[in-house]
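> I would like to see how this sequence folds:
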Amino acid sequence: MIAATDSRRFPSQTQTLLLGCLFSPLLLADEHTLTLDQQIVSAPSVESTTVAAMAQYGSKVEIVSREQIERAGPSADVSRVMQMFIPGFYVAPKNGPFDYGTYSLLGGRNDDTLILLDGVRLNNRLYGGLYLDTLPANAIERIEVLKGGQSLLFGTQAVSGVINIVTRSPQSRSAAGEVNLGLDTFGGNSGDARVEQIVSNGFGDLGLLAYVSHNVSEGYQPFRNRDYSGNVSDKKRSYEVTTFGGKAVQAFGDDSRLELFYQYSDANLDFARPLNNYKTTNDRVQQIATATFEQRVNERLSYFVKGHVNDWDTRYTRINNVPGGGRKVINHNDYWGFTDWGVQAEGKAELDGGHVLVFGADNQWFKGQDDVMVIDDNKAQAHALYAQLRPKIEALPNWHPSLGVRHEAMSGGDSATVGMLTSLYDLGEHWQLRGQYGTAYKLPNAEQLFVNEPGEELGNRNLKPEKSRNAELGVDYRGNWSGRELRASATLFRRKISDLITLDGIQWSNGQGQVLVRGFEADASLQLDDRWSLQADMTRNLTESRSGVTLNDVPSFFARSRIGYESVDRQWGAGGAIRYIRDVTSAQRVDYGHYTVVDADAYRYLDNARQHRLSLLVENLFDRDYVTSRASNVDNLGRPFTSELRYTYTF
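Numbering: from 1, shown residues only. Have a look, this model is predicted:
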């Protein structure tokens with residue numbers, strides 16, 4: 001994470017990648033410095049600087065700022081923010097807010113990207129998927145994206161990249177906060193609030209923050225009329241989601257602090273189905289808790305210790321209408337869920353000669369149970385040791401390399417050992433050349449290890465980790481074009497996957513062949529003048545397989561462009577965005593995609609003190625019918641034309 005307390009100088013690549021702030025110039029203090037607001041502790045340890053440090057050594061980093069999050073839409077959820085502001089990241093929510101989604105980064109599959117909340121993995125350890133629908137945007141300070149294979153520091157599933165969602169921390173010594181109220185055209189309403197304050201006690205500063213959000217909607221129709229069959233009672237999909245959380249940060253002098261975080265989410269979701277559906281609901285509770293102690297021992301040594309728990313419990317109900325009348329209960333409050341917990345310790349030492357050594361241990365346990373798919377309540381564990389050296393070479397002052405190794409052993413199956421080499425070279429005032437090469441891995445999830453359908457032994461406790469060899473090469477530019485600030489970046493990537501975990505019809509197993517993924521990504525932003533700005537990005541993915549295995553739900557090509565305007569006094573602004581998705585192949589080998597969607601947004605402050613604000617978002621401006629995924633040979637549709645209005649009061 002990038003600490004708000006870290007005001008050190010970064011190479012211009014870090015700022016080059018702060019794309020998407022399209023209503024005002026990028027938030028840079030000068031050409032090479034990233035400045036963030038002061039927090040409580042003036043000397044963060046290694047955990048707070050991991051992502052930013054990797055940008056200095058050749059990994060590509062994107063940062064979505066708090067300002068961008070606020071302008072992503074009136075009731076912006078995390079998926080929408082990432083869809084709008086992360087170059088090269090494909091996001092396709094299945095049926096709109098509070099539903100599962102499809103994600104792809106650098107040609108990766110849905111579970112090839114590791115999603116973290118303050119460093120805690122959110123990826124579902126039961127099935128490996130990503131579920132981001134219960135994270136309120138009001139509680140998020142920024143989103144950090146680290147692209148390419150990153151298993152060295154982050155472990156399993158960091159195959160195509162890592163996205164770290166950083167929650168807000170208290171910043172004010174007087175009581176401060178925010179209240180939001182919103183309405184949309186599908187009978188939805190939302191409300192959230194946040195309050196914070198820093199006080200002093202006998203140990204030092206104590207920062208306290210609490211937040212709550214509530215979203216409810218009577219729903220909309222997620223399938224075409226022609227796709228409904230049988231006797232469907234309700235064609236709409238609805239939801240009601242409540243989340244609350246809090247953070248306490250206790251400083252002990254200037255060199256150490258303890259941070260406690262807890263979040264509770266309760267979601268009652270209507271998962272509409274197009275065949276004989278009377279009622280299909282997913283009622284879930286998710287709890288995330290972390291405790292982190294970090295300390296700077298001296299000017300050359302710092303460390304952190306973090307413990308976490310991520311607990312997910314779902315009750316699934318499915319009731320069908322029966323032809324001729326009556327109903328049939330398929331599932332009634334059937335349970336599925338998982339618990340993921342662990343302890344991580346990491347240190348950073350600055351050695352003689354300016355070299356830096358990062359070293360750590362990562363221990364994780366998880367278990368999953370599913371009454372629907374019959375996954376027994378078994379526990380798996382993984383334990384890792386890793387180290388990374390960041391040498392300083394006096395003879396080559398413009399070269400910034402790093403190299404490291406990680407070994408991870410798991411219960412059952414083989415262990416995984418990965419290595420990584422990164423390099424950043426300053427070519428001049430405006431250009432940088434970066435690259436990284438290494439291996440990554442993905443441990444089998446609970447379904448692949450333990451699923452036990454009646455009469456079938458599908459689970460395989462002896463699965464080997466899926467391995468990949470990754471390479472990325474890129475160039476970044478920051479300068480001026482016709483007197484205006486221009487930032488541009490291009491990246492080539494290549495990934496070869498072996499020991500692919502697949503279902504062979506009888507049992508989960510490791511495939512014998514290899515899958516090759518390659519492609520390129522390009523993005524640029526241009527400040528047209530003091531009021532207008534422009535951003536665009538594009539990604540091309542190519543997949544080859546020697547074993548007949550294909551990677552599903554990865555778009556072959558997608559591109560986005562966004563233009564923004566902001567008034568001179570910054571009292572109001574507006575923007576528009578267009579995204580194009582080419583062909584995508586489903587698990588049933590059916591081609592979908594091929595759509596273009598236009599969104600628009602605007603905001604207006606109602607007072608000079610900027611305490612009162614109105615925001616408007618229009619999604620799918622031209623009411624385009626488009627498909628975001630397929631299930632059981634039926635198209636799941638993206639959101640139709642939707643407008644949302646939100647009022648914000650800040651105190």
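> For the chain, which segments count as helices?
In the chain, the helices defined using DSSP state H lie at 12-16, 50-55, 66-70, 78-85, 151-154, 446-450.
> Return the residues in contact with the nearest residue to residue 355 once chain neighbours are set aside.
Nearest non-adjacent residue to residue 355, counting by Cβ to Cβ, 6 or more residues apart in numbering: residue 391, 5.0 Å away. Where C-beta positions appear, they are placed from N, C-alpha and C, glycine not excepted. Neighbouring residues of residue 391 by Cβ atoms under 8 Å, 6 or more residues apart in numbering: 355, 401, 402.
> Touching, the second one and residue 434? I think so.
No. Checked against Cβ atoms under 8 Å, the pair residue 401 and residue 434 is beyond contact range at 10.7 Å.
> in the protein, which segments are predicted with low confidence?
Filtered on pLDDT under 70, the chain yields the residue ranges 1-49, 73-76, 128-131, 133-134, 377, 412-413, 453-457, 546-550.
> In contact with residue 434, which residues?
The contact partners of residue 434, by Cβ under 8 Å, 6+ apart, come to 13, 58-60, 422-425, 472-476.
> sorry, back to before: overlap in contacts of residue 401 and residue 434?
With Cβ under 8 Å, 6+ apart, residue 401 and residue 434 have common neighbours 58, 422, 423, 424.
> that older thread, who wins for proximity to residue 634 among the helices of the chain?
helix 78-85 (21.5 Å; Cβ to Cβ).
> now the closest one, how far from the centre of its chain.
Centroid separation for helix 78-85 versus its chain: 9 Å, with Cα atoms, centre = their mean, to the nearest Å.
> I'd like to know which elements it is packed against.
strand 61-64, helix 66-70, strand 89-93, strand 140-147 (3 or more Cβ pairs under 8 Å, 6 or more residues apart in numbering; DSSP states H and E).
> for the nearest residue to residue 168 once chain neighbours are set aside, what are its contacts?
Spatially, and ignoring its direct neighbours in sequence, residue 168 is nearest to residue 141 (4.4 Å; Cβ to Cβ, 6+ apart). Residues counted as contacts of residue 141 (Cβ under 8 Å, 6+ apart) are 4, 66, 166, 167, 168, 169.
> Tell me the one of those residues nearest residue 155?
Ranked by distance to residue 155 (Cβ to Cβ), these are led by residue 166 at 18.8 Å.
> was I right about the closest one contacting residue 120?
No. Judged on Cβ under 8 Å, residue 166 makes no contact with residue 120 at a distance of 11.3 Å.
> tell me which residues of stretch 533-549 are tucked away?
If you call a residue buried by 16 or more other Cβ atoms under 10 Å, then stretch 533-549 has these buried ones: 533, 534, 535, 536, 537, 538, 539, 540, 541, 543, 545, 549.
> before we move on, what about stretch 280-289?
Neighbour count says stretch 280-289 has 280, 281, 282, 284, 286, 287, 288, 289 buried, by 16+ other Cβ under 10 Å.
> I'd like to know the beta-bridge partner residues of the second one.
Yep, that's residue 281 we're talking about. residue 270, residue 317 (DSSP bridges).
> Residue 494 against residue 541, yeah?
No. At 11.4 Å, residue 494 does not count as touching residue 541 under the criterion of Cβ under 8 Å.
> what's the overlap in contacts for these two?
Common contacts of residue 494 and residue 541 (Cβ under 8 Å, 6+ apart): residue 517.
> can you pull up the bridge partners for residue 313?
Beta-bridge partners, per DSSP bridges, of residue 313: residue 285, residue 337.
> same deal with residue 561?
residue 536, residue 578.
> if I look at it, how far off is residue 582?
Counting by Cβ to Cβ, to the nearest Å, the gap between residue 561 and residue 582 amounts to 15 Å.
> Same check on residue 556?
5 Å.
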